[in-house]
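Colleague: Sequence plus the predicted model coming up.
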Amino acid sequence: MYPDPKRIRDNRITLRFDDYEHDLITALANYQGEQPSTLLRQLVLREAATLLGIGDADSVTRKLA
């Protein structure tokens, strides 16, 4: 059914933020027109790719471009 079953996003990680951090994330998500979880996923993957030196990886930059 799926070309690559490992691409199905069914793994969760929980993050906890204080009120100020949550307000910042919510405001940025609203400004971008995104859901907060989508915004955080993009930010985390972009930062991970940068740290690893693979900023041009297709699976990361495909959505970010």
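Modeller: The structure has been received and is ready for your questions.
Colleague: what about residue 30, which SS state?
Modeller: helix (DSSP: H, G, I helix; E, B strand; the rest coil).
Colleague: residues near it, how many?
Modeller: Residues contacting residue 30 under the criterion other C-beta atoms under 10 Å number 12. Heads up, the C-betas are built off the backbone N, CA and C, glycines and all.
Colleague: Could I get the contacting residues of residue 25?
Modeller: Contacts of residue 25 were listed using C-beta atoms under 8 Å, 6 or more residues apart in numbering, and they are 17, 36, 39, 40.
Colleague: Columns distance to residue 23, neighbour count and pLDDT on top of those residues, output as CSV?
Modeller: CSV is the format used below for those (distance: C-beta to C-beta, whole Å; neighbours: other C-beta atoms under 10 Å; pLDDT from 0 to 100):
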residue, distance to residue 23, neighbour count, pLDDT
17, 9, 13, 98
36, 11, 16, 97
39, 14, 18, 97
40, 14, 17, 97
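Colleague: Please convert the residues you listed to CSV, extending it with secondary structure and distance to residue 53.
Modeller: Formatted as CSV, these follow (DSSP: H, G, I helix; E, B strand; the rest coil; distance: C-beta to C-beta, whole Å):
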residue, secondary structure, distance to residue 53
17, coil, 28
36, helix, 28
39, helix, 23
40, helix, 22
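Colleague: Show me which pair in those residues is furthest apart.
Modeller: Pairwise distances across the contacts of residue 25 peak at 12.6 Å for 17 and 39 (criterion: C-beta to C-beta).
Colleague: Now residue 18, what are its backbone angles?
Modeller: phi -80, psi 180 (degrees, to the nearest 10).
Colleague: What separation is there between the residue nearest the centre of the chain and residue 29?
Modeller: In the chain, the residue lying closest to the centroid (C-alpha atoms, centre = their mean) is residue 41, at 1.3 Å. The gap separating residue 41 from residue 29 is 11 Å, by C-beta to C-beta, to the nearest Å.
Colleague: got the buried residues for stretch 22-30?
Modeller: For stretch 22-30, the buried set under the neighbour-count rule, 16 or more other C-beta atoms under 10 Å, comprises 25, 29.
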